[in-house]
Each structure stands twice: as C-alpha cells, then as structure tokens.
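Student: Dropping the sequence and predicted coords here.
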2 protein chains.
Amino acid sequence: MDLRSLRYFVAVAEERHFGRAAARLHMTQPPLSRAVRQLETDLGAVLLDRSPTGVALTAAGTVLYDEARLLLEQAEQLRARVTAATGPATLTIGTLADSAQQAGTRLAAAFRRRHPGVEVRVREADLTDPTTGLRTGLVDVALTRTPFDDTGITVHELRADPVGVVLRTDDPLAGRAAVRLSDLAGRRWFRFPDGTDPVWSAYWTGSAAGSAADRPVVRTINECLQAVLWSGTIGLGPLADALPEGLTSVPVTDMPPSRLVVAWSGADPGPLVRSFARIAAALFRPEAAPDR
Amino acid sequence: MDLRSLRYFVAVAEERHFGRAAARLHMTQPPLSRAVRQLETDLGAVLLDRSPTGVALTAAGTVLYDEARLLLEQAEQLRARVTAATGPATLTIGTLADSAQQAGTRLAAAFRRRHPGVEVRVREADLTDPTTGLRTGLVDVALTRTPFDDTGITVHELRADPVGVVLRTDDPLAGRAAVRLSDLAGRRWFRFPDGTDPVWSAYWTGSAAGSAADRPVVRTINECLQAVLWSGTIGLGPLADALPEGLTSVPVTDMPPSRLVVAWSGADPGPLVRSFARIAAALFRPEAAPDR
DNA sequence: TTCACCCGATACCGTCCGCGTATCGTCGCC
DNA sequence: GGCGACGATACGCGGACGGTATCGGGTGAA
C-alpha cells in the first residue's frame, strides 16, 4: 500500500468511473484498473462494485475513501511543514529571450510538477549574455543557445536548429529558397554591445568585419527585428522562430546549426540541475512530450 | 514521495547509521542511501548530515522524522480500519504433516508480511487426505505432495524429492547405498485407512499387493514411523525428511520422485491464492530465499 | 606519519513493476 | 439482435528498485 494507490482509488471513488478517473490522473484506464485491484487484494477487501454502467463503492470502499483522503491531505501537510522548516529550495532557470522561452515555460512547469517542494524562478536574459547569468551565479541552470565561450560550463544539447537570415519581405533576397553567407557580403549588420561574448557575437553577426561604428547596437530579439525592419540591417536567427509581419527568413546553407542547450556551471550538476537536465532531455527527445 | 521512502528515512533517522538501518529493513546499504537522497531532492531539503562516523539529523530532518512517524502510524490505522469494516479476508492453507510443514510455516510468514490485511489460517492434514481438504472446501490452497487424484485440481510443482525407503537401523538393507523396489518384495507394509486416495495410497505403499488384513493402518507420519520401528513394516518417504533415532532411509532408485506442490481447486486461483503460489515459487526457486 | 578499517557514495547489472497499446467479454439499450 | 460503453485481459517496453563490487575519505591506532 502506497500513497499512489490511494490517490488512484480516491480518483475512481470520486468519479465513479475508471475512464474519467484515468483521464483526471493523466493516465490510461488499464493500469488504473490493475492498481485498484491490487490495492483490493493488498487490503484484503472488495472496495468497488464493478458494473458495465460504472462502479459503486462498497462499505469498505466508503471507509477507505474517507481514510485515504485524510491520509493524503496529511501527506501534503507533511511536505509543507518540511519545506516551511528549511525555507524552500530554489532553482533559478535562465532563459534566452527567444524560441527557448516557450520551451522554458513548459520545462519549468514540468519541473514544478516533479519537484513540488522546490521553488522555481525563471530569469530572462537578453542577447548580451548567452550564459543568462551562469558565470555570475545569477542562475543555476540555463536554457540557451550555442555558440558561446563555454569554458567552465557544461552543455547538453536538446535540439539543433538550422540558421536563417532575417530579411524584410521587400529585400531582393526575400524570395530565395536558400542563400550562402557570401550572398550577404557587404550588407549592413547590427552588433551586440561591447563586452558581449565574442564567440556568440561573431556567430550571429555573420562574422561581419569592417567598421563597427555605424552598426546599430541591439540587446534583445525585438531590437534585432526592429533593426532589420527600420535600420536597413539584416540578421541571423534560428529558423524555428516565428517572425512578425514584414519579415521573412531564408535558410543559410553554410552556417553550422545553432544548438538549443541546457547548460550549468562546473562539471557536475547538483541534484536539482541534474533532474532539470533529465526532464529537458525527455521533453525534447521524442517530440511526443511525456504528459501534456 | 511515497510511504516506502518515509519508512526508509525513519529507519535511518532512528539508527543514525545507514548500514544498521539497511539491516533492519532487510536490504543492503546502497539502495537505501539512494532512496533517502532521492527523498531529499524530492522534498527540496537536506535531511541528514553525513559524516564518516555516521549521520545526524538536520533541522528539516527532525521535522520530517516526527511527521513521517505520524503519517506511517496513520497509514497503519487506515489499514486496520478498512479490515475492521469488512471483516478480515482469510486464506486457509492446508499442509501435509511432513516436510511440507516447515516450508508451510515459512510460507505463511512470508504471505502474512506481503498481505498484512489478510488473516492466514493453517490447517494440518494427516496422510489420509493428500488434498488437505481442497475438495471439501476446508482450505483455499494446499501445500502438499504428489501423487494424488488431481481431477479438478490445479497443481504447481515447487520441488521434486527423491524417495527413499525407511528402515530400522538393524534392517539387513540398512547399510545399502540404494535399493530397488524389487529388493523390497515380500516385506510387510503399512496401509492407509479405507477411502484414502488410491493413487496416493498405491504410491506410498510400494504398490504392495496381497492381503491388506494384517497391514497396520496409519494416519500420520508418526504412525508410519512407529509402524516401521515396532510393527516390522517398512515405509517410503521423501529423502529430505529428517528421521528419529533408530531409523534410516535408503534411496529407492526406481521410484518417480515425489513432488512438493502448491495446489488449488479449479482452474484459476483467486488473487490471494495466486499470490500465495507466486510467493511459494519464489521461495523455492533459487534456494536463496528472498528475505530470511 | 602511515596504514588499516569503517562508513557512505558511486558504478554497473539483473529483475520486477508499472504504464501504454491493442483487444476481448459482457452488459444495457436502441 | 446488433451496437456501444465500460471494465478486464494480453503483451511489449522502459524505468525504478535492489543486488554486488568498488571507490573515496576520514578516523584512529601503531
């Protein structure tokens, strides 16, 4: 007898229906049936009257229902008391304000469900710092993009996105199916503020050489897009991202893909960071995300 | 967070020592360490201060210890209340009063541990009824020996014991390393009461033909042994059994072995009987019994 | 100071359990 | 009498749990 079985039974008892209870528990009906049956043999009592129209509680089932609700509630209180005694453990996630963002919210949700006792904080970083604060200790784990200077940082790839050039729809290249970097020679680029990670900066500005003076400085995704729309520059970005009206993107064939990664400082992650990385990997692997 | 983890933590908290706690929980130290650590990350709190000399409770650990003991106690009460509401489910085990007996007590103990809500009754049958009451419904499951008339009974073998002849130590054959049934021709046998299963009876009395009149009637193992000791008969029995002073057994080479079996009435067992059969099989398979 | 022991942590592996997909049996209901 | 709904069953797979072997470190004794 464990708390899980009791949770299952409570759900069935309240729904009076295995199928609905299974849906409420985010699972399918067969394992739920088996678990409840196993609980019955474990307790040595018949808890439910099964019928093709649904289920009804037996006397023993009624008793167990009340008791189980009580026990589960007290289990919740136990958890609350412990976290109250220590102050909650926190995990701060850094995200880059781009396509990683939506993944970040989903990931944070999944993590919260798995570690209800942990307080999760999300910090959004701009394009100035691809480590999103890992080095300064502002965040425990980062959901960000390569490439950047990763000395002292461990990186785990989640997905590799091909890179495209972002253009105004009235750009001469806008209709092309694909372009090469050489096609973009002589175009005007934006640049990142001084002090930005040089590997990162070089990558996203097409390794543009020449005078930096007249290149507009951008700090965020929106500033990039604004620069393309109104300052006559072009930009690079992962093809996965959606673009606002007036902009299109064309794949760039000779750029290495940008990898969406989870990263942490140092070699070995703490247990929370390790769990976060595992969840992230699971969420991205089969595209069929485990549970909503 | 489940009750198992809490039980583990309580054991460690009370023993202040992973090794001793593991022993108390009938397991080894590594999985216990892992389970407690996992509980810590689950709750998001450090519960123990580990040191080479042992472990100490942190503040959070102290809180959890009290809460967990409470919760576990209430879980026990839940079980008690449910069984009280329905009357306890019972499983009646029939055993044959021979070597199956000791196995029966161990098995009953294992079954009680696995189904704490089930009342286990053990009924010892004499050699008159190898089904130990299965047909009459006196028992739900039997731990007995073949061969017997098993029409309408499902049988699952646990062990096959070679058969030996039981002799007085001063018997001419007593020193032999092995004998054949033909060596026993002309000897005096005991017999079972009228109405005893004929297959069973024929097997254990060496298929002795001839007048039954002067053959002593036995009902129990002890009566068998007494007959051999004082009535000049010989007997057959599984070699596994221990024998009292004055008796020895010599293997009989041309008799099929007697199989120690678990048996139940009908084709498909109830859940309790099925569980009993599984436990029995597990307990006999690798001779390294799972848990004492 | 060094060696040896003790304790908890880690690595690795086998097994069992639990969940999912697919299918069946059965009881109402139209 | 056929169809639909509900729970039970069969089967394959991945993960969790427990086992054995080993490591790292800290303590205490020679």
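Tutor: Done, it's in.

Student: what does chain A have sitting close to DNA strand C?
Tutor: For chain A, the contact set with DNA strand C under CB under 7 Å from any atom of the strand comprises A:4, A:26, A:27, A:28, A:30, A:31, A:34, A:35, A:38, A:51, A:52, A:53. C-beta here means a position set from N, CA and C on the backbone, and glycine is covered the same way.

Student: quick one, helices of the stretch 51-200 of chain A?
Tutor: With DSSP state H, counting those that start in this stretch applied, the stretch 51-200 of chain A shows helices at A:59-86, A:100-114, A:198-204, listed in chain order.

Student: Need those helices in JSON lines (columns: mean pLDDT, distance to residue A:264 and mean neighbour count).
Tutor: JSON lines is the format used below for the helices of the stretch 51-200 of chain A (pLDDT from 0 to 100; distance: least, CB to CB, whole Å; neighbours: other CB atoms under 10 Å in any protein chain shown):
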{"stretch": "helix A:59-86", "mean pLDDT": "87", "distance to residue A:264": "23", "mean neighbour count": "18"}
{"stretch": "helix A:100-114", "mean pLDDT": "78", "distance to residue A:264": "14", "mean neighbour count": "17"}
{"stretch": "helix A:198-204", "mean pLDDT": "86", "distance to residue A:264": "18", "mean neighbour count": "18"}
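
Student: Which one, of those, ends up nearest to residue B:118?
Tutor: Nearest of those to residue B:118, taken as CB to CB: helix A:59-86 at 13.5 Å.

Student: Taking helix B:59-86 as reference, get the angle to the closest one.
Tutor: Counting by axes from the mean of the first three to the mean of the last three CA atoms, to 10 degrees, helix A:59-86 lies at 170 degrees to helix B:59-86.

Student: For helix A:59-86, what is the distance to the chain centroid?
Tutor: 31 Å (CA atoms, centre = their mean, to the nearest Å).

Student: who's in contact with residue A:92?
Tutor: A:120, A:121, A:122, A:123, A:138, A:139, A:140, A:141 (CB atoms under 8 Å, 6 or more residues apart in numbering or on different chains).

Student: among these, which ones are buried?
Tutor: Among those, the ones that count as buried by 16 or more other CB atoms under 10 Å in any protein chain shown are A:120, A:122, A:139, A:140, A:141.

Student: ok, so of these, who is nearest residue B:81?
Tutor: The closest of these, once distances to residue B:81 are taken by CB to CB, is residue A:120, at 38.1 Å.

Student: For chain A, identify the residue most remote from the centre.
Tutor: residue A:59 (45.6 Å; CA atoms, centre = their mean).

Student: ok, it - contacts?
Tutor: Residue A:59 touches B:85, B:86, counting by CB under 8 Å, 6+ apart.

Student: With the one 4 residues further on instead?
Tutor: Residues touching residue A:63, when contacts are defined by CB under 8 Å, 6+ apart, comprise B:81, B:82, B:85.

Student: thinking again about what came up before, how far away is the residue farthest from the centre of chain A from residue B:119?
Tutor: Counting by CB to CB, to the nearest Å, the gap from residue A:59 to residue B:119 is 18 Å.

Student: Where does pLDDT dip in the stretch 151-292 of chain A?
Tutor: Counting by pLDDT under 70, the stretch 151-292 of chain A contains low-confidence residues at A:207-213, A:240-241, A:285-292.

Student: Could you list which residues are in contact with whatever residue of it ends up closest to chain B?
Tutor: Nearest to chain B, among the residues of the stretch 151-292 of chain A, is residue A:271, at 4.2 Å (CB to the nearest CB). Residues in contact with residue A:271 (CB under 8 Å, 6+ apart) are B:37, B:40, B:41.

Student: ok, now residue A:19?
Tutor: Per CB under 8 Å, 6+ apart, neighbours of residue A:19: residue A:29.

Student: so how far is residue A:9 from it?
Tutor: 15 Å.

Student: picking that back up, adding distance to DNA strand D, write the helices of the stretch 51-200 of chain A out as a markdown table.
Tutor: Shown next, in a markdown table, are the helices of the stretch 51-200 of chain A (distance: least, CB to the nearest atom of the strand, whole Å):
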| stretch | distance to DNA strand D |
| --- | --- |
| helix A:59-86 | 13 |
| helix A:100-114 | 9 |
| helix A:198-204 | 33 |
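
Student: which one of these lies closest to residue B:95?
Tutor: Across the helices of the stretch 51-200 of chain A, closest to residue B:95 is helix A:59-86 (CB to CB), at 29.9 Å.

Student: Is residue A:49 in contact with residue A:62, as I believe?
Tutor: No - between residue A:49 and residue A:62 there is no contact under CB atoms under 8 Å: 11.5 Å.

Student: mind checking the SS state of the closest residue to DNA strand D within the stretch 151-292 of chain A?
Tutor: DNA strand D sits closest to residue A:282 of the stretch 151-292 of chain A, with a gap of 6.8 Å, by CB to the nearest atom of the strand. Under DSSP: H, G, I helix; E, B strand; the rest coil, residue A:282 falls in the helix class.

Student: Tell me the spacing between it and residue A:111.
Tutor: Note on residue A:282: its distance to residue A:111, by CB to CB, is 11 Å.

Student: What of residue A:130?
Tutor: Distance, residue A:130 to residue A:111, by CB to CB: 22 Å.

Student: Residue A:187 now?
Tutor: For residue A:187, the distance to residue A:111 - CB to CB - is 41 Å.

Student: Can you read off the pLDDT for the residue of the stretch 101-250 of chain A found nearest chain B?
Tutor: Distances between the stretch 101-250 of chain A and chain B by CB to the nearest CB are smallest at residue A:117, namely 3.7 Å. According to the prediction, residue A:117 has pLDDT 76.

Student: Report the contact partners of it.
Tutor: A:79, A:82, A:83, A:88, A:89, B:42, B:43, B:44, B:45 are the contacts of residue A:117 under CB under 8 Å, 6+ apart.

Student: What's opposite residue A:96 in the beta bridge?
Tutor: residue A:125 (DSSP bridges).

Student: just residue A:54 next, same as before
Tutor: Counting by DSSP bridges, residue A:54 forms beta bridges with residue A:51.

Student: tally of neighbours for it?
Tutor: Using other CB atoms under 10 Å in any protein chain shown, residue A:54 is surrounded by 15 other residues.

Student: these two touch, right, it and residue A:17?
Tutor: Yes - using CB under 8 Å, residue A:54 is in contact with residue A:17, at 5.1 Å.

Student: Helix or strand: which one has residue A:23?
Tutor: helix A:18-24 (DSSP states H and E).

Student: and if you look at residue A:254?
Tutor: Following DSSP H and E, one finds residue A:254 outside all helices and strands.

Student: on that earlier part again, who wins for most neighbours among the contacts of residue A:271?
Tutor: That'd be residue B:40 among the contacts of residue A:271, by other CB under 10 Å, with 22 neighbours.

Student: Residue B:49 is in contact with that one, correct?
Tutor: No - counting by CB under 8 Å, residue B:40 stays clear of residue B:49, with 11.6 Å between them.

Student: give the contact list for residue A:162.
Tutor: A:238, A:239, A:251, A:252, A:255, A:257.
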